[in-house]
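*Asks:* My questions concern the predicted model and sequence given below.
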Amino acid sequence: MYQRHRFPPEIIQYAVWLYHRFNLSHRDIEDLLAERSIEVSYEAIRLWCNKFGSKYAQRLRRKHQGYGDTFFIDEVFVKIQGVQHYLWRAVDQDGEVVDVFLQKRRDGKAAKRFFKRVLKKHRGEPRKIVTDKLRSYNVAH
């Protein structure tokens, strides 16, 4: 997996882990590694993240123990090829994304479908759900 790479696997793993775990930029990771006397260019880190990132991200998700008990739910307007869609997103209090859902509608039925997905993923009801008071959320509750 790491053949033909100049740096040891531990450094590559650490750089990719930093990128995916803390959402740092490649240049920030370059600076963090430089503090440890490891001279790596941000371009090399970018290539490592592209090559190994999906594998590490899958491992991190598998190790994930669960979500918090407070969810923040919001939706955004997104245009895809000129057609307006709604991107629904649920995040827990620690900033972990619980679920993301793309829908053409923004009505009670769409909100209900999204809530079902979120609650199924959470395996139970969260203690608190914080929304932006969209009317269709009341229908879904």
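*Replies:* Received the coordinates, thanks.
*Asks:* CA atoms for contacts and neighbours, from now on please.
*Replies:* Fine.
*Asks:* Nearest residue to the spatially most central residue of the chain in space, please, no chain neighbours.
*Replies:* For the chain, the residue sitting closest to the mean C-alpha position, by C-alpha atoms, centre = their mean, is residue 97 at 5.1 Å. Counting by C-alpha to C-alpha, 6 or more residues apart in numbering, residue 91 is the residue found nearest to residue 97 once chain neighbours are left out, at 4.5 Å.
*Asks:* Pull out the buried residues from the helix or strand where the one you found lies.
*Replies:* Using DSSP states H and E, residue 91 maps to strand 83-92. By neighbour count on 16 or more other C-alpha atoms under 10 Å, the buried set for strand 83-92 is 85-92.
*Asks:* repeat for stretch 39-52
*Replies:* Neighbour-count burial for stretch 39-52, counted by 16+ other C-alpha under 10 Å, picks out 40, 42, 45-46, 48-49, 52.
*Asks:* Contact partners for the residue nearest to the centre of the chain?
*Replies:* 89-91 (C-alpha atoms under 8 Å, 6 or more residues apart in numbering).
*Asks:* repeat that for 10 Å
*Replies:* Residues counted as contacts of residue 97 (C-alpha atoms under 10 Å, 6 or more residues apart in numbering) are 67, 71-72, 89-91.
*Asks:* out of those, which one sits closest to residue 31?
*Replies:* Nearest to residue 31, judged by C-alpha to C-alpha, of the contacts of residue 97 is residue 91 at 29.2 Å.
*Asks:* Check whether that closest one really touches residue 99, as I assumed.
*Replies:* Yes - between residue 91 and residue 99 a contact is recorded at 7.3 Å, counting by C-alpha atoms under 10 Å.
*Asks:* Find the residues that touch each one of the two.
*Replies:* Contacts common to residue 91 and residue 99, judged by C-alpha under 10 Å, 6+ apart, are 73, 118.
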